[in-house]
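S.K.: Using only what follows, build the 3D model:
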Amino acid sequence: MRRVLVLLVALLALTAGCGGELTTAEAAAASAQRFMASLSAGDFAGVWGALTSEARERMGSSAVAAYLRETEVEYDRVGDAVEVEPGLMRVPVAGLTVTDPGRTVKWPEAWLTLRQEGDGWLVAWADPLFDAALSAYHNTEYVEQLDLARAIVAIDPYHYRGHLEMHYAFRGLGRLRQAEHALQLAQERATAAQKPDVLAAWARFKLAIGAPADALGYAQQALDLAKPYYPGTYSPAWWAETLVLSGQAALALGDGETAALYAEAAAAADPKNAALALFRQQLPALPANEP
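M.R.: Predicted coordinates:
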């Protein structure tokens, strides 16, 4: 597969040389194709050389090299470039599969952001920072998470993930108005496949600020929109945790019976889920059914 992709890139370059200059959109798409071929081949020099100066400065070579060692990337094809503002293009990548230790995530479509620097188009790619930001959140290191989120947004303001990480960091720091604004930006930038992730974040946020009815609505929307992408994009653990969110909202609304039903559904998806184990301790004892 990787050899085929490298050959395709070489053929694209040869065709461009024979047919004259590429249009701006074609040049951006060709840069995206070369980047994806290098990424899927684990070619550090090719990936590093394709990145914007902002991406190289914010991430550093060691973070990119570590990502390439630990992650395998495959994809089906690169689409046509779309201009979103002068000097900035977005290019779709179909059939993206990202595998790192312990998980594989399949995205039907992802987008690369490319910036014009000098005479060429370079890729504004921040994926090596995603797990670092998530790890900082789980370790309650919200200032570090905020710094990483800001770096992601600085590299690629059109990717939803930086804004989502910023939301969680602001929430952890108690800056709720900024958290809500960041979540709105994440929702604006999310693709159809990414929206369930954002809606689940809305559910957590609404539950945290004492709006359980809104939380339940967002959690249900997240589950509904995730159905076409489950379990390839959204894991059983995510599904169970979102069902637990629904149950927590139902419990806050005084409906223990419905909350218990959500717990049962979560157990069917991921019986050993940690969030489910904690939620079960919060459930009231329901009366046994009489014979």
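S.K.: now for the helix or strand containing Gln187, which elements pack on it?
M.R.: Assessed by DSSP states H and E, Gln187 sits inside helix 176-189. If you count contacts as 3 or more C-beta pairs under 8 Å, 6 or more residues apart in numbering; DSSP states H and E, helix 176-189 packs onto helix 160-172, helix 195-208. Just so you know, the C-beta spots here come from the backbone N, C-alpha and C atoms, and that holds for glycine as well.
S.K.: wait, Ala179 sits on His167?
M.R.: Yes: between Ala179 and His167 there is a contact under C-beta atoms under 8 Å: 5.1 Å.
S.K.: Okay, helices next: where are they in the chain?
M.R.: Along the chain, the segments classed as helices by DSSP state H run 2-19, 24-41, 44-50, 53-59, 61-70, 130-138, 142-155, 160-172, 176-189, 195-208, 212-226, 236-252, 256-269, 274-282.
S.K.: same question for the second one, mean pLDDT?
M.R.: Within the predicted structure, the mean pLDDT of helix 24-41 is 98.
S.K.: Same check on the fifth one?
M.R.: Looking at helix 61-70 alone, the average pLDDT works out to 98.
S.K.: That one: which residues count as buried?
M.R.: Along helix 61-70, these residues count as buried under the neighbour rule (16 or more other C-beta atoms under 10 Å): 64, 67-68.
S.K.: Compute the inter-axis angle for it and helix 24-41.
M.R.: 60 degrees (axes from the mean of the first three to the mean of the last three C-alpha atoms, to 10 degrees).
S.K.: Counting by contacts, list what helix 61-70 packs against.
M.R.: helix 44-50.
S.K.: Using CSV, list the CA coordinates for the helix it packs on.
M.R.: Taking Å, rounded to 0.1, in the frame of the first residue of the first chain, the C-alpha atoms of helix 44-50 are listed here in CSV:
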residue,chain,number,x,y,z
PHE,A,44,10.0,11.7,9.2
ALA,A,45,11.9,13.8,6.7
GLY,A,46,9.0,13.9,4.3
VAL,A,47,6.5,14.8,7.1
TRP,A,48,8.8,17.4,8.8
GLY,A,49,9.6,19.1,5.5
ALA,A,50,5.9,19.4,4.6
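S.K.: Could you check how sure the model is about it, as an average pLDDT?
M.R.: 98.
S.K.: how far is that helix from where the chain is centred?
M.R.: 22 Å (C-alpha atoms, centre = their mean, to the nearest Å).
S.K.: Ala269 touches Ala240, doesn't it?
M.R.: Yes: between Ala269 and Ala240 there is a contact under C-beta under 8 Å: 4.4 Å.
S.K.: So for these two, which residue has more residues nearby?
M.R.: Ala240 (25 against 20; other C-beta atoms under 10 Å).
S.K.: With distance to Trp48, mean neighbour count and mean pLDDT as new columns, can the helices and strands packed on helix 176-189 be given to me in a markdown table?
M.R.: Below are the helices and strands packed on helix 176-189 laid out as a markdown table (distance: least, C-beta to C-beta, whole Å; neighbours: other C-beta atoms under 10 Å; pLDDT from 0 to 100):
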| stretch | distance to Trp48 | mean neighbour count | mean pLDDT |
| --- | --- | --- | --- |
| helix 160-172 | 20 | 24 | 98 |
| helix 195-208 | 28 | 22 | 98 |
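S.K.: closest to Ala124 out of those helices?
M.R.: Ala124 lies closest, by C-beta to C-beta, to one member of the helices and strands packed on helix 176-189: helix 160-172, at 10.8 Å.
S.K.: Compute the inter-axis angle for the closest one and helix 176-189.
M.R.: With the same axes, to 10 degrees as the basis, helix 160-172 and helix 176-189 are set at 160 degrees to each other.
S.K.: which one is Gln116 nearest to, not counting chain neighbours?
M.R.: What sits nearest to Gln116 in space, not counting adjacent residues and going by C-beta to C-beta, 6 or more residues apart in numbering, is Gly87, at 4.3 Å.
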